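In: Fold the following, please.
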Amino acid sequence: MSGRRTYADACGIARALDVIGERWAILVVRELLLGPKRFTDLRAGLPRLGPDILSQRLRELEQAGVVRRDQLPPPAGARVYELTEWGRQLEPVVLALGRWGSQAPLPADHGALGVDALMLALKTLYDPARAGGLIGGTYEIGLAGQPFTVRPADRQLDVSRGAASNPVATIGAEPEALQTVLWHGRALSDVLGTGEVTIAGDRGAAERLLGLFPLAG
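Out: Got it, this is the predicted structure:
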C-alpha cells in the first residue's frame, strides 16, 4: 500500500476507501463476486477499462489482500484472479451500492449490462416477498452462453456460476434482450417469438422468476 494516496483518517469508511476507493477497483471486485476469472474475462466484463489500468488495480487489490491469483488445474491450467475471504465480505457492500445506485439516472452513453453485472443486478433487486412457491427451487439462467444456477431463498437470491442440476426451468438469453424484458417494458412473448430469449422446462415458473426483480424506487 506504500506510495498510494490515503485519506489518513482512522474512520473505517476512510480506511475502506483507501483499499477500494481508486477508480475501477470496486468494479473489479464486482466482476469477481461470482467466482474466479482470467484476465481476458475481466477485460470482457469491463470493456472500457484498459489493460494497463486493470493490471494496476489487480496488483493493488492483491497487495491489499482483497484479490489473489490462482492456477486452474489441468487441462485448463490458466491463471485466474479470485477474491480472498476478506474480499468476499464486500458482496453485501457492492449489492447495497447497486440497490442505491439503481435509483440514480442512467448515463446518456450507457450500454447494456455485462453478464456478471446483470446477474448481480438480479441479486440486488430480488424481492423475496414476490417469490412465493418459487423459494427453494433451482433454476438456470444462461447469458451469452454462460450458465448460472439460481435459487430463490427467503431473504436473498443465491447465484453461482455453472449449470444447474435438474432445474425447474432454464432461461437462455442475450443480456440486452433480458434487460429489456425485466426493466424496459418489452413483452416476454416478443423476445420468445424472436428467439432472443428461450425457456425450457416449466414456463410458468420461469415467467414468475422473471417477475422477482422490480426496480428500486
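
In: Strands of this protein, residue ranges please.
Out: Remark: strands assigned in the chain by DSSP state E are 67-71, 79-83, 139-143, 146-152, 157-161, 169-173, 197-201.

In: relative to strand 146-152, how tilted is the fifth one?
Out: This means strand 157-161. 160 degrees (axes from the mean of the first three to the mean of the last three Cα atoms, to 10 degrees).

In: pLDDT averaged over strand 157-161 - what is it?
Out: Taken as a whole, strand 157-161 carries a mean pLDDT of 95.

In: how big is the angle separating that strand from strand 139-143?
Out: Relative orientation of strand 157-161 versus strand 139-143 (the same axes, to 10 degrees): 50 degrees.

In: counting contacts, what elements does strand 157-161 pack onto?
Out: Contact partners of strand 157-161 among helices and strands, from 3 or more Cβ pairs under 8 Å, 6 or more residues apart in numbering; DSSP states H and E: helix 115-125, strand 146-152. Just so you know, the C-beta spots here come from the backbone N, C-alpha and C atoms, and that holds for glycine as well.

In: Next, format these as a markdown table and append distance to T6, mean neighbour count and mean pLDDT.
Out: Output for those, formatted as a markdown table (distance: least, Cβ to Cβ, whole Å; neighbours: other Cβ atoms under 10 Å; pLDDT from 0 to 100):
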| stretch | distance to T6 | mean neighbour count | mean pLDDT |
| --- | --- | --- | --- |
| helix 115-125 | 29 | 21 | 95 |
| strand 146-152 | 37 | 20 | 96 |
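
In: Excluding covalently adjacent residues, which one is nearest to G77?
Out: Q71 (6.7 Å; Cβ to Cβ, 6 or more residues apart in numbering).

In: Same list, the helices and strands packed on strand 157-161, but as TSV with distance to P92 please.
Out: TSV is the format used below for those (distance: least, Cβ to Cβ, whole Å):
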stretch	distance to P92
helix 115-125	10
strand 146-152	18
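
In: Nearest to I13, out of the ones you listed?
Out: Nearest to I13, of all the helices and strands packed on strand 157-161, is helix 115-125, at 20.9 Å by Cβ to Cβ.

In: Now do the closest one: which elements does it pack against?
Out: The helices and strands touching helix 115-125, judged by 3+ Cβ pairs under 8 Å, 6+ apart, are helix 25-32, helix 39-45, helix 91-101, strand 139-143, strand 146-152, strand 157-161, helix 175-183.
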